[in-house]
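Visitor: Requesting a structural model of the entry that follows:
(chains A and B)
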There are 2 protein chains.
Amino acid sequence: MDETYEVRPVGRVLSPLDLRTAPRQGDEGAPDAWVVFEPDVAEALRDLAPGEEAILLTWLDRASRDVLVVHPRGDVRNPPTGVFSTRSPDRPNPIGLHTVEILAIDGLRVRVRNLEAVDGTPVLDVKPVLGPIPER
Amino acid sequence: MDETYEVRPVGRVLSPLDLRTAPRQGDEGAPDAWVVFEPDVAEALRDLAPGEEAILLTWLDRASRDVLVVHPRGDVRNPPTGVFSTRSPDRPNPIGLHTVEILAIDGLRVRVRNLEAVDGTPVLDVKPVLGPIPER
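Guide: So this is what the prediction gives:
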């Protein structure tokens, strides 16, 4: 398939985490972090509110895109597994998926809990967690 | 932010749905569909199995990327809302997030339930649904 598409970061993660200290998932001991959005998407985030859960999509820019099989969680005792059955950052399109809680909002800066992305990670999108059908 | 990244589709949706017939979400009446993967990612999907739930990431290639505020669910009775608080396909990076059930696998073709993406939609990634921490 020849066609490709261009993603443009709408913000960036500001976090004390680096590749050495980041946990595997956000609910495995990640610290609070800031997401700093670009001024041109201010309108898109105007209805986010503290206390809400949100899904953050990131671009894992330090991942390897040519990896198709990994030992899950980087542990060689786990059998080699196709990356579509793992949450490995190494995969053809290294898009990270993070469920976070919004703690505070300060203009273009959004404080979140449970974000395991490392400092500087580009943010691509924010989506609400879907509730039951009658509440949509 | 000037930096951009290139996503490369790893497959495509084969579905009877078009823009006129697609429901808003997969659990609101979407038919079963096929995802047809590219031969070069065969190894990445080798551990997918019928009966599993998976998260499919798509590129909503018919969306508008310059829309920041929408009436949720396309209903003007809903107040204008920033797209980061909605599941609107129109958003700066139109990445679709779909929780599906894998029904069958036939080589590079994976049959799924609950996919509201329209026919031809590019697929970017597949991820497992995360269980509780002790089972990871």
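
Visitor: For chain A, which segments count as strands?
Guide: A:5-7, A:11-14, A:33-37, A:53-59, A:69-70, A:81-82, A:95-106, A:109-113, A:122-128 (DSSP state E).

Visitor: which parts of the fourth one are buried?
Guide: Right, the one you point to is strand A:53-59. Neighbour-count burial for strand A:53-59 flags A:Ala54, A:Ile55, A:Leu56, A:Leu57, A:Thr58, A:Trp59 (criterion: 16 or more other Cβ atoms under 10 Å in any protein chain shown). Just so you know, the C-beta spots here come from the backbone N, C-alpha and C atoms, and that holds for glycine as well.

Visitor: With adjacent residues omitted, what lies nearest to the third one?
Guide: With Cβ to Cβ, 6 or more residues apart in numbering or on different chains as the criterion, A:Leu56 has its nearest non-adjacent residue at 4.4 Å, and that residue is A:His98.

Visitor: thinking again about what came up before, between the buried residues of strand A:53-59, which is nearest A:Ser15?
Guide: Of all the buried residues of strand A:53-59, A:Ser15 sits closest to A:Thr58, with 11.0 Å by Cβ to Cβ.

Visitor: Which pLDDT value does the model give the closest one?
Guide: For A:Thr58, the pLDDT comes out at 97.

Visitor: How many neighbouring residues does the closest residue to it other than its chain neighbours have?
Guide: Nearest residue to A:Thr58, sequence neighbours excluded (Cβ to Cβ, 6+ apart): A:Gly96, at 3.9 Å. As a burial measure, A:Gly96 scores 23 neighbours (other Cβ atoms under 10 Å in any protein chain shown).

Visitor: ok, now A:Pro72?
Guide: 19.

Visitor: And for stretch A:108-118, what's in contact with it?
Guide: Residues from elsewhere that reach stretch A:108-118, judged by Cβ atoms under 8 Å, 6 or more residues apart in numbering or on different chains: A:11, A:13-15, A:17-19, A:22-28, A:30, A:32-39, A:42, A:45, A:48, A:54, A:56, A:58, A:60, A:62, A:96, A:98-105.

Visitor: Any of the residues you listed buried? List them.
Guide: A:11, A:13, A:15, A:17, A:22, A:24-27, A:30, A:33-35, A:37-38, A:45, A:48, A:54, A:56, A:58, A:60, A:96, A:98-102.

Visitor: Any stretches of chain A with poor pLDDT?
Guide: Filtered on pLDDT under 70, chain A yields the residue ranges A:1-2, A:132-136.
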